[in-house]
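In: Provided below for reference: sequence and predicted model.
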Amino acid sequence: MNYLNMKDEDVLKVVMELNILLADYHVYYQKLRSNHWNILGKNFFDLHVKFEELYNDAKVKIDEIAERILTLRYHPMSKLEDYLKASSIKEEDTLKSDTEMISETLKDHKKLLAQMSKVVEVANKASDEGTVDLIGAYIRELEKYSWMLDAWNKDTSANLKKKVVEMS
């Protein structure tokens with residue numbers, strides 16, 4: 001039974017972008033695990049817990065992305081070597097300072113958000129509301145995590161933009 005109301009060639013484009021996102025999330029997940037294991041210093045307790053929170057979130061998303069690909073009637077990418085080839089997120093040195101770990105994580109968030117935007121773009125063209133809904137929620141969550149990590153990485157005397165646009 002074909003329960004999808006989409007053209008096969010459109011679905012294939014969505015699946016291809018979802019597989020890249022799946023690869024990105026796998027590499028991102030492992031980098032977070034490494035940060036969790038290798039964090040040292042005065043921020044150990046805070047960041048050890050935060051990295052665990054982030055990799056647990058990534059683990060859930062990995063499963064959901066793979067299941068979305070299966071829902072679209074394709075098999076998800078599942079070999080580590082394929083993830084490393086397909087991902088725009090690259091492995092890095094595991095021994096870094098806390099601020100380097102956060103900065104690197106934020107760079108990875110930027111890459112994830114860019115890939116999510118590609119997924120949403122092709123899913124919109126395919127009228128794939130299920131994928132748009134799933135990834136839209138991921139974008140909102142990752143933007144919030146990014147804001148929090150960016151705030152952590154700032155000097156405590158930093159301020160947000162003060163200018164407010166007045167409504168007429």
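Out: Looks like it came in fine.
In: after the lengthiest helix in the chain, which helix or strand is next?
Out: Among all segments of the chain classified by DSSP state H, the helix with the greatest residue count is helix 8-38. Sequence order places helix 44-71 as the next helix or strand after helix 8-38, per DSSP states H and E.
In: point to the residue nearest the middle of this structure.
Out: Averaging the C-alpha coordinates of the chain gives a centre point, and the residue nearest to it by C-alpha atoms, centre = their mean is Leu112 (4.2 Å).
In: where does the residue nearest to Asn38 when sequence neighbours are not counted land in three-state SS?
Out: Excluding its sequence neighbours, the residue lying closest to Asn38 (C-beta to C-beta, 6 or more residues apart in numbering) is Thr94, at 5.5 Å. Every residue, glycine included, has its C-beta placed from N, CA and C. Taken by DSSP: H, G, I helix; E, B strand; the rest coil, the conformation at Thr94 corresponds to coil.
In: touching, Thr94 and Ser34? I think so.
Out: Yes. With contact defined as C-beta atoms under 8 Å, Thr94 and Ser34 form a contacting pair (4.7 Å).
In: between those two, which has more neighbouring residues?
Out: The residue with more neighbours, out of Thr94 and Ser34, is Ser34; 19 against 13, by other C-beta atoms under 10 Å.
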